[in-house]
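Peer 1: sequence? don't have it. structure:
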């Protein structure tokens, strides 16, 4: 979702519909999310804003939050003005980038967020947003549409079905 007003904030909303395939009587042991950096950007041509030698380092870190979305949304119609709510409960910090391009965040522990989705009985997915949404800060990851499938977000959930 973007405010489409020139300079502004952008957030990334995404979900994994396969979570609904986990049996209701399963105990979630762990959930790990991996996000993969891209090699160049059209929308954000400068790349990530936090790395050694970055001309944007004086604007602060690009540390982000991964939060649980609390309302329904559609990727074809979501905008800044109709974006769903989110909750800070059990939000997970995404570390500041250390490279202009190809910055990966591997095995981010989102176990509690996934457990919360199940407890809430709704999988509205996640939102990635900068902790400080100010100009000249950016952190970039591949989306579900990126050509290289290995760069798409990956969620690995380990669960145990009890009788």
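Peer 2: Great, that's in hand. The model shown is predicted, which means the values in this text are computed figures rather than measured ones.
Peer 1: name the surrounding residues that touch stretch 48-56.
Peer 2: Residues outside stretch 48-56 that contact it (C-beta atoms under 8 Å, 6 or more residues apart in numbering) are 37, 46, 57, 59, 61-63, 96-101, 103, 136-140. All C-beta atoms are positioned from the backbone trio N, CA, C, and that covers glycine.
Peer 1: stretch 10-21 now?
Peer 2: 1-3, 43, 69, 73, 75, 78, 83-84, 114, 117-118, 123-129, 141, 143-144, 153, 155, 157.
Peer 1: now do the strands in this structure.
Peer 2: 12-14, 26-35, 64-69, 86-94, 105-109, 126-130, 154-161 (DSSP state E).
Peer 1: any regions of the chain where pLDDT drops low?
Peer 2: The chain contains residues with pLDDT under 70 at 1-7.
Peer 1: so which residue is dead centre in it?
Peer 2: For the chain, the residue nearest the mean C-alpha position is residue 128 (3.5 Å; C-alpha atoms, centre = their mean).
Peer 1: please name the nearest non-neighbouring residue to that residue.
Peer 2: What sits nearest to residue 128 in space, not counting adjacent residues and going by C-beta to C-beta, 6 or more residues apart in numbering, is residue 12, at 4.3 Å.
Peer 1: what is the burial count for the one you found?
Peer 2: Applying other C-beta atoms under 10 Å, we find 17 residues neighbouring residue 12.
Peer 1: can you give me the end-to-end distance of stretch 60-68?
Peer 2: Across stretch 60-68, the terminal residues are separated by 25 Å (C-alpha to C-alpha, to the nearest Å).
Peer 1: distance from that stretch to the middle of the chain?
Peer 2: 9 Å (C-alpha atoms, centre = their mean, to the nearest Å).
Peer 1: which residues sit against that stretch?
Peer 2: With C-beta under 8 Å, 6+ apart, stretch 60-68 has contacts from 33, 48-50, 86-97, 108, 110, 113, 116-117, 124-132, 134, 137-139.
Peer 1: so who does the residue lying closest to residue 134 once chain neighbours are set aside touch?
Peer 2: Excluding the flanking residues, the one nearest residue 134 by C-beta to C-beta, 6+ apart is residue 59, at 6.6 Å. Residues in contact with residue 59 (C-beta under 8 Å, 6+ apart) are 49, 134-137.
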